[in-house]
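>>> coords below, sequence missing:
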């Protein structure tokens, strides 16, 4: 499904709400929609500079799921990555394998996103 500007705004509003809920208010975040990107979203983070670059694919596969519910989950998932970056940054400095850390962080992110996606109210109500 082609993502509209309104969808992108909803996604950004959701992401900002999760960041506020998680106490991630000291980050400077840039948002962009990218054509034909896989995975559906990606966040690049600089924990020392407290900056992040969040990309959302312009073509979203939602398998019949309500598009806003899908965007809400993706926003929560990416906010969980931001929530965990300080942990990751410290773990890397302790010489843990990058691959092991990435796998553990992704598994934890998926669990957190599933638990927390409904913790923040619908952002448009």
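In hand now; what should we look at? From a predicted model like this one, the values you see are computed outputs, not experimental measurements.
>>> So which residue is smack in the middle of the protein?
For the chain, the residue nearest the mean C-alpha position is residue 78 (1.1 Å; CA atoms, centre = their mean).
>>> any idea which helix is longest in the protein?
What stands out as the longest helix in the chain, according to DSSP state H, is helix 67-93.
>>> Now the residue nearest to the centre of the chain: closest residue in space, sequence neighbours ignored.
residue 43 (4.7 Å; CB to CB, 6 or more residues apart in numbering). Heads up, the C-betas are built off the backbone N, CA and C, glycines and all.
>>> Per-residue pLDDT of the one you found, please?
pLDDT for residue 43: 95.
>>> And residue 38, by the same measure?
79.
>>> Name the nearest residue to it, ignoring sequence neighbours.
In space, residue 38 is closest to residue 57, 7.1 Å off (CB to CB, 6+ apart).
>>> List the residues that contact the one you found.
Neighbour list for residue 57: 3, 33, 34, 35, 36, 37, 38, 39, 40, 41 [criterion: CB atoms under 8 Å, 6 or more residues apart in numbering].
>>> By mean pLDDT, flag the weakest helix or strand of the protein.
Least confident helix or strand, the chain: helix 98-116 with a mean of 76, by mean pLDDT, DSSP states H and E.
>>> chain center to that one, what's the gap?
Taking CA atoms, centre = their mean, to the nearest Å, the mean C-alpha location of helix 98-116 is offset from the chain mean by 12 Å.
>>> Taking helix 67-93 as reference, get the angle to that helix.
140 degrees (axes from the mean of the first three to the mean of the last three CA atoms, to 10 degrees).
>>> got the buried residues for helix 98-116?
Within helix 98-116, the residues scored as buried using 16 or more other CB atoms under 10 Å are 104, 105, 109, 112, 113, 116.
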